[in-house]
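*Asks:* I'll drop the sequence and a predicted model, then ask my questions.
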Amino acid sequence: MKRNSFVLTLFYILLMSVIFASMITVAFVRAEGSSPIAILKVFADPSEGSINIVGFNAGKHSFITIQNVSNSSGNQGMNITVGAFENVEPGKSVSLGTYGNISEHKGLWYNLEAYRIKNQNEYDNRGSIFMYLNESELKKVNDYIITHDRWTLTYNCAPFVCNLWNLVSPRKLDDGFIGTSAGLGKSIRTYPDWKLNEPVIADYDVYYANGDKPLIRSKTY
């Protein structure tokens, strides 16, 4: 009788542990508080890029997308702002990343990754994970985006993306000792729900940041 009681108790403990772990996993990707209005995805392509030294691979590129999902769960939906990009419609997305090798602008670009994936088949080894954003979390992300229109060797696309993600997500990422897309790509792939080559839709034209002024439409893309 005592043995049966012990087995039942052990079974109950294991069952509750599984349920608790499932709840934690959901909390990692589901925004807390108010209903989610956006999905944030972080991408990194760790393939060899333009900066390659013998024995060192910096990776190709890191970026994010933000999709308006305010119309989910039967809600009517509303337009949202992503960084300085206004009136993102329900169901549509904006991609963001920083570049240091484009003469038209050195810093933050909007929708360039979506353009390059659609028209040039770029970033075809991109890994990603995602989380939901509620209104307050989206505001944190937007505040960060607006104040980080820059690119340097030590603050390149990977630190921009990694720091933004870690600002709002309980699932932390690491872009490595010096901050690279190779390091960030490796970190993303440690999570069991990571995806390879998730679609990146080109819903809007390509723009680049212009300080606190309106975005500038690219003449190149």
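*Replies:* That came in fine, so what should we check first? Residues are numbered from 1 along each chain as shown.

*Asks:* Okay, and the residue most central in space within the chain sits in which element?
*Replies:* The chain has residue 42 as the residue nearest its centroid, 2.1 Å off, counting by C-alpha atoms, centre = their mean. Using DSSP states H and E, residue 42 maps to strand 38-45.

*Asks:* So which elements touch that strand?
*Replies:* strand 61-68, strand 127-133, helix 157-168, helix 181-188 (3 or more C-beta pairs under 8 Å, 6 or more residues apart in numbering; DSSP states H and E). C-beta coordinates here come from the backbone N, C-alpha and C atoms, glycine included.

*Asks:* mind redoing it with 6 Å?
*Replies:* strand 61-68, strand 127-133, helix 181-188 (3 or more C-beta pairs under 6 Å, 6 or more residues apart in numbering; DSSP states H and E).

*Asks:* Not counting its neighbours along the chain, what's nearest the residue nearest to the centre of the chain?
*Replies:* residue 165 (4.8 Å; C-beta to C-beta, 6 or more residues apart in numbering).

*Asks:* What of residue 34?
*Replies:* Among residues not flanking residue 34 along the chain, residue 134 sits closest, at 4.5 Å (C-beta to C-beta, 6+ apart).

*Asks:* what number of residues lie near that neighbour?
*Replies:* As a burial measure, residue 134 scores 17 neighbours (other C-beta atoms under 10 Å).

*Asks:* again with the one 4 residues further on
*Replies:* By the measure other C-beta under 10 Å, the count of residues near residue 138 is 23.

*Asks:* Kindly export the helix or strand containing it (C-alpha atoms) in CSV.
*Replies:* Per DSSP H and E, residue 138 falls inside helix 135-146. The C-alpha atoms that make up helix 135-146 are tabulated as CSV, following Å, rounded to 0.1, in the frame of the first residue of the first chain:
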residue,chain,number,x,y,z
GLU,A,135,1.3,47.6,-26.7
SER,A,136,3.8,48.5,-24.0
GLU,A,137,6.4,46.1,-25.3
LEU,A,138,6.0,47.5,-28.9
LYS,A,139,6.6,51.0,-27.5
LYS,A,140,9.9,49.8,-25.9
VAL,A,141,11.0,48.3,-29.2
ASN,A,142,10.0,51.5,-31.1
ASP,A,143,11.9,53.7,-28.7
TYR,A,144,15.0,51.6,-29.1
ILE,A,145,14.7,51.5,-32.9
ILE,A,146,14.3,55.3,-33.2
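
*Asks:* Please identify the buried residues of it?
*Replies:* Neighbour-count burial for helix 135-146 flags 137-138, 141-142, 145 (criterion: 16 or more other C-beta atoms under 10 Å).

*Asks:* what helices or strands is it leaning on?
*Replies:* Counting contacts by 3+ C-beta pairs under 6 Å, 6+ apart, helix 135-146 packs against helix 157-168.

*Asks:* What separation do you get for residue 81 and residue 161?
*Replies:* Between residue 81 and residue 161 the computed distance is 19 Å (C-beta to C-beta, to the nearest Å).
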